[in-house]
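Asks: sharing a model that was predicted from the sequence below.
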Amino acid sequence: MSEAEKKILEMLANRKISVEEAYRLLSALRTEGRASEHAAGAAATAKPKPKYLRVSVVPGPGHEHDEDAELVNVRVPISLIRSGMKFSSLVPSEARDKVTDALHEKGIDLDMRNLKPEDVEAVIEALDDLQVDVVSSKEIVKVYVE
Amino acid sequence: MKRPPVLMRVQIQGRDKRFGLWLPLFMLLPLAVVLLIILSPLILIACVVFRLRARSRRPAHAVDAALSVLCSGRAMKAAFDVLCSARGLRATVINRNERVNISII
């Protein structure tokens, strides 16, 4: 029993509050306790924010000792992607229209006029679950965040 | 607070040669500031010219508009943000002849 609960029962015993009021106060205390426990549990299970985007290329199975095999390992800070994407807001509207048209010609339906800072944040948050594995006979390409 | 990177390390390792370079970026930043101060009158003139040209043309020419934005303080802030965010960037390429490693610290 917590101190607050004891105090409520004491007040009830001293007839400072009615039974109904004591019941309401105790219910409110228990609800609050459950909410704080839930919040603490959620904070404990929350995943840490990703810091880097990793791209690695390694030789495929059986090609580890090939003479022309290449090994690539790139680590890009997520903050750099964020800053880079914010550059799009600096593109003047005239140039933005041209970029949108050029992308449309190539079959990419992306309208840069609709790209807002909150969309950029959403894209970066979604990177958290990104994992791309391309496995060919010669090499394995992996893109992931850590 | 955002801090610009301090060092850039470039390492190239071949079969019979080895090359390593530590670039002190913290020393380049004061140089860039000095250069900016020296060139500031020219930048100011360019800002005014490009902004006027972009405004006078209807529709504005994309190149003029782009240059007017690039000369603005917003672009400089964005460039500084990119520089600061580059901390931790690392790229390694290894093939049979050489190994190249670039990292920004």
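Replies: Ah, there it is. Here the structure is a predicted model, which means the values were calculated and not measured.
Asks: flag the shaky bits of the chain, pLDDT-wise.
Replies: As the question left the chain open, I've gone with chain A. A:1, A:39-47, A:65, A:94, A:112 (pLDDT under 70).
Asks: other chain: chain B
Replies: Looking along chain B with the criterion set at pLDDT under 70, you get B:1, B:54-72.
Asks: ranges for the strands of it?
Replies: B:7-13, B:18-24, B:90-94, B:99-104 (DSSP state E).
Asks: these two touch, right, residue B:94 and residue A:71?
Replies: Yes. Applying C-beta atoms under 8 Å as the test, residue B:94 and residue A:71 come out as touching, 4.2 Å apart. No exception for glycine: its C-beta is placed from N, CA and C like everyone else's.
Asks: are we agreed that residue A:95 is in a helix?
Replies: Yes. Secondary structure assignment places residue A:95 in a helix (DSSP: H, G, I helix; E, B strand; the rest coil).
Asks: what residues sit buried inside the helix ranked longest in chain B?
Replies: Ranked by residue count under DSSP state H, the longest helix found in chain B is helix B:25-56. By neighbour count with 16 or more other C-beta atoms under 10 Å in any protein chain shown, helix B:25-56 contains the buried residues B:25, B:47, B:50, B:51, B:53, B:54.
Asks: if I look at the residue lying farthest from the centre of chain B, how far off is residue B:98?
Replies: What lies farthest from the middle of chain B is residue B:16; by C-alpha atoms, centre = their mean that is 32.9 Å. As judged by C-beta to C-beta, to the nearest Å, residue B:16 and residue B:98 stand 10 Å apart.
Asks: now do residue B:17
Replies: Distance from residue B:17 to residue B:98, by C-beta to C-beta: 8 Å.
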